[in-house]
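# everything below, folded, please.
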Amino acid sequence: MTNQQIRISAKHLGILALPDYCPRCFWIQLKSQFKLPWQIFPGIFSSIDSYTKKITWSYYEKYKVLPSWFQKLGEFERPVKIPPRKQFSILDKDTNILLTGIPDDIFQRVNGSYFIIDYKTAKFTENQDALLPVYIVQLNGYALIAEKCGLRPVGGIGLCYYEPQTNVNISSLDSVLLEQGFHMPFTAHMMPLKLDPVKIVLPLLAKVRELGDREQAPDSRQGCEECRRLEEVVGMVGEKKK
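You can find the predicted model right below:
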């Protein structure tokens, strides 16, 4: 029998797919609703994601096709308006878990199916990204939600890495200079991901329920650096109270 409803984003669910995930750390994050202290996420990455989406949509509005780099992932017909964040969620009745989150873009293919994509601003290292297991779960979670919202069938998921080009070519320097700054070019790399939301997402929801129903934190992963740091903080606070 399940207890109180749990709300979790597809991105946070993906933490459970990491090979070095720690049950104790995840339990603490889950109980605190993933609102932990001292977290700082630079807003520049959100700004870049927003800008890349505007580039894609503006290109489509002008030329009625998507930019050429998307062709590696298939034949796309148009970008699709994503439902509002409050509506883009799904309740798994077996675990009483509300799965949330919203992708960067959804495109419709010429065959009528939908393709879900997330943008990443990073160096492109195919199959070497340490967070790739998180992204696979995250986008499969989006696929479950999208089909529930009527965007079905979902026929594919993938990542678009926008890699900043940091080499400076003196011969073409003038092409990147502005009156009060400069341009930084980005190169797009496309990476399709495995689509199997039932097998990938549902077992992790069951694991979330098992951890969420625990009244006491489970044992930490052996050698977990985060747990070690937490124990140090707890020890410092305890010493101060004496």
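# measure residue 114 to residue 142 for me?
Applying CB to CB, to the nearest Å, the value for residue 114 to residue 142 is 10 Å. C-beta: built from backbone N, CA, C; applies to glycine.
# neighbour count winner among these two?
Summary of the neighbour comparison: residue 114 and residue 142, criterion other CB atoms under 10 Å, with residue 142 having more neighbours (29 against 21).
# the closest residue to that one other than its chain neighbours: what's it in contact with?
Once flanking residues are discounted, residue 142 sits nearest to residue 103: 4.6 Å by CB to CB, 6 or more residues apart in numbering. When contacts are counted by CB atoms under 8 Å, 6 or more residues apart in numbering, residue 103 touches 82, 116, 117, 118, 139, 142, 146.
# tell me the one of those nearest residue 47?
Within the set of those, residue 118 lies nearest residue 47; the separation is 15.9 Å, counting by CB to CB.
# so the closest one makes contact with residue 140?
No. Counting by CB atoms under 8 Å, no contact exists between residue 118 and residue 140, whose distance comes to 11.5 Å.
# higher neighbour count, those two?
Per other CB under 10 Å, whichever of residue 118 and residue 140 has more neighbours is residue 140, with 27 against 20.
# could you say which helix or strand holds the more buried one?
Mapping residue 140 onto the secondary structure by DSSP states H and E places it in helix 132-148.
# show the backbone phi and psi for residue 121.
Reported as degrees, to the nearest 10, the phi and psi values for residue 121 are phi -100, psi 100.
# next one: residue 33
Taking degrees, to the nearest 10 as the convention, residue 33 sits at phi 60, psi 30.
# for it, what are its contacts?
With contacts taken as CB under 8 Å, 6+ apart, residue 33 has the following neighbours: residue 7.
# against residue 193, how distant is it?
Separation of residue 33 from residue 193 (CB to CB) stands at 27 Å.
# show me what the helix or strand where residue 50 lies is packed against.
According to DSSP H and E, residue 50 maps onto helix 43-63. In this structure, helix 43-63 makes packing contacts with strand 76-80, strand 114-121, strand 154-164, judged by 3 or more CB pairs under 8 Å, 6 or more residues apart in numbering; DSSP states H and E.
# could you pull out the buried residues of it?
By 16 or more other CB atoms under 10 Å, the buried positions in helix 43-63 come out as 48, 49, 52, 56, 59, 60.
# right, and the fourth one touches residue 66 too?
Meaning residue 56. Yes. With contact defined as CB under 8 Å, residue 56 reaches residue 66; the gap is 6.6 Å.
# who touches both of these two?
Among the neighbours of residue 56, those also in contact with residue 66 (CB under 8 Å, 6+ apart) are residue 79.
# in the helix or strand of the chain with the lowest mean pLDDT, what counts as buried?
The element with the least model confidence among the helices and strands of the chain, by mean pLDDT, DSSP states H and E, is helix 225-241, at a mean of 81. Burial within helix 225-241, assessed by neighbour count using 16+ other CB under 10 Å, is assigned to residue 227.
# where does the chain dip in pLDDT?
Judged against pLDDT under 70, the low-scoring parts of the chain cover residues 1-2, 126-128, 238-242.
# nearest to residue 203, of the buried residues of helix 43-63?
Within the set of the buried residues of helix 43-63, residue 49 lies nearest residue 203; the separation is 29.2 Å, counting by CB to CB.
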